[in-house]
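Student: Here you go, sequence then predicted model.
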Amino acid sequence: MRITNRMMNDNVMRNLHAGLKRLADLNQQLSTGKKISRPHQDPVVARKSMGFNSSLTQNEQYIRNLDQGISWLETTDTAINQVINVLHKAKALAVGGANDTLNPDDMKAMAEEVDQLLQHALSLSNTQYDDKYIFAGTNTLTKAFELDVDGNINYQGNDGEIAYEIGKGVEITVNIHGDALFDKVFEALQSLRENLGAGEPTLIDGDIGMIDEALNITLREQSKVGAAQNRFEFTKDQLDSQNLSVTELLSKSEDVDIAEVIMHLNMQEAVYRTALGSAARIIQPSLIDFLR
């Protein structure tokens, strides 16, 4: 096959273009720190990176859900602890009020203390997290309990469950229904208040039993909250650890070794300069140039 000047020129220019492209790719890697900037440059690396990034994005959403759930549960636990304190104080007043040596004024004063405890319990039943009433079921924009004109405390929530997705197909409920937690609390405190106010020490033994029952219910609900908190915190630690591993794999997949890239860049620059020098000697004036 006859080699023409045009063929030689085309080959030289094609080789120079390929060398220049390699230089551009290495410069791109050096400036971005990434092996590729477009998927077609290495589909295998691109596919792995997309998988790792998708996993990280999904885990970050789960972690946000876990953080919100943990905050909700911590708010619930704090409120329940205060309810327990209210019940302990009420029980102490009940034990004192069961003494038939107290005069009516003392019992009325104790009844007023119980009333304050009742008001505090009512306030706790309407505890909010992120502007949501945590004991109202899914009816979170309305107070869980309201005191009517007759002095009755009415539940305005529902039995709906609020759950957070903490993993693929895994949802954990975070809310405690207010009626399950507070109904017996309010009943015991109201009864104790009435019996103290009426000066009926013989009826207060029954109030003590009601307070103990309310305490048992409250402690049982608190144990549910504690179990959910442990699950959330364990899962969050697990996801944090998983994210570290995935981030490391992502870095190995797409990050370049800077020192290695610099070495290849220097080598490619030398090759390109050599190619330029060779091209200058090969692409000489043709015979037509001399005939003009």
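Tutor: That came in fine, so what should we check first?
Student: Tell me how many other residues surround G51.
Tutor: When neighbours are defined as other CB atoms under 10 Å, G51 has 14 of them. In short, each C-beta sits where N, CA and C put it, glycine included.
Student: If you could redo that for H120, that was the one I meant.
Tutor: For H120, the neighbour count with other CB under 10 Å is 16.
Student: cool, L219 as well?
Tutor: L219 has 12 neighbours, counted by other CB under 10 Å.
Student: Nearest residue to it in space, ignoring adjacent ones along the chain?
Tutor: Residue nearest to L219 in three dimensions, not counting chain neighbours: I84, with 7.2 Å by CB to CB, 6 or more residues apart in numbering.
Student: try I176
Tutor: Among residues not flanking I176 along the chain, E221 sits closest, at 5.2 Å (CB to CB, 6+ apart).
Student: who touches the one you found in this structure?
Tutor: 80, 176, 180-181 (CB atoms under 8 Å, 6 or more residues apart in numbering).
Student: picking that back up, in a helix, that's where the residue nearest to L219 is, yeah?
Tutor: Yes: according to DSSP: H, G, I helix; E, B strand; the rest coil, I84 belongs to a helix.
Student: burial of it, as a residue count?
Tutor: 16.
Student: wait, doesn't it sit right on T218?
Tutor: Yes: counting by CB atoms under 8 Å, I84 does reach T218; the two are 5.6 Å apart.
Student: quick one on the thing from earlier: now for the contacts of E221: which two are most distant?
Tutor: Pairwise distances across these (CB to CB) peak at 11.8 Å, for the pair I80 and A180.
Student: between these two, which one's more packed in?
Tutor: Neighbour totals were compared for I80 and A180, and I80 leads with 23 against 15 (other CB under 10 Å).
Student: Name the nearest residue to the more buried one, ignoring sequence neighbours.
Tutor: Q222 (4.6 Å).
Student: gap between that neighbour and A121?
Tutor: Remark: distance between Q222 and A121 (CB to CB, to the nearest Å) = 15 Å.
Student: Where does pLDDT dip in the stretch 1-150 of the chain?
Tutor: In the predicted model of the stretch 1-150 of the chain, residues 1-46, 49 satisfy pLDDT under 70.
Student: ranges for the helices of the chain?
Tutor: Assigned by DSSP state H, the helices in the chain fall at 5-32, 43-97, 104-125, 178-197, 204-254, 258-282, 287-291.
Student: any idea of the pLDDT on E161?
Tutor: pLDDT for E161: 95.
Student: picking up where we left off before, ok, so of the contacts of E221, who is nearest D148?
Tutor: Nearest to D148 among the contacts of E221, counting by CB to CB, is L181 at 19.8 Å.
Student: Tell me if I'm right that that closest one and I134 touch.
Tutor: No: the pair L181 / I134 is not scored as a contact, 10.5 Å apart, by CB under 8 Å.
Student: Mutual contacts of the two, please.
Tutor: Counting by CB under 8 Å, 6+ apart, no residue touches both L181 and I134.
Student: G226 contacts D77, correct?
Tutor: Yes: taking contacts as CB under 8 Å, G226 lies within contact range of D77: 7.1 Å.
Student: quick one, which of these two is more surrounded?
Tutor: A count of neighbours by other CB under 10 Å puts D77 above the other of G226 and D77, at 16 against 13.
Student: can you pull the contacts of the more buried one?
Tutor: D77 neighbours (CB under 8 Å, 6+ apart): 222, 225-226, 229.
Student: and if we set it to 6 Å?
Tutor: Contacts here follow CB atoms under 6 Å, 6 or more residues apart in numbering; on that basis D77 touches V225.
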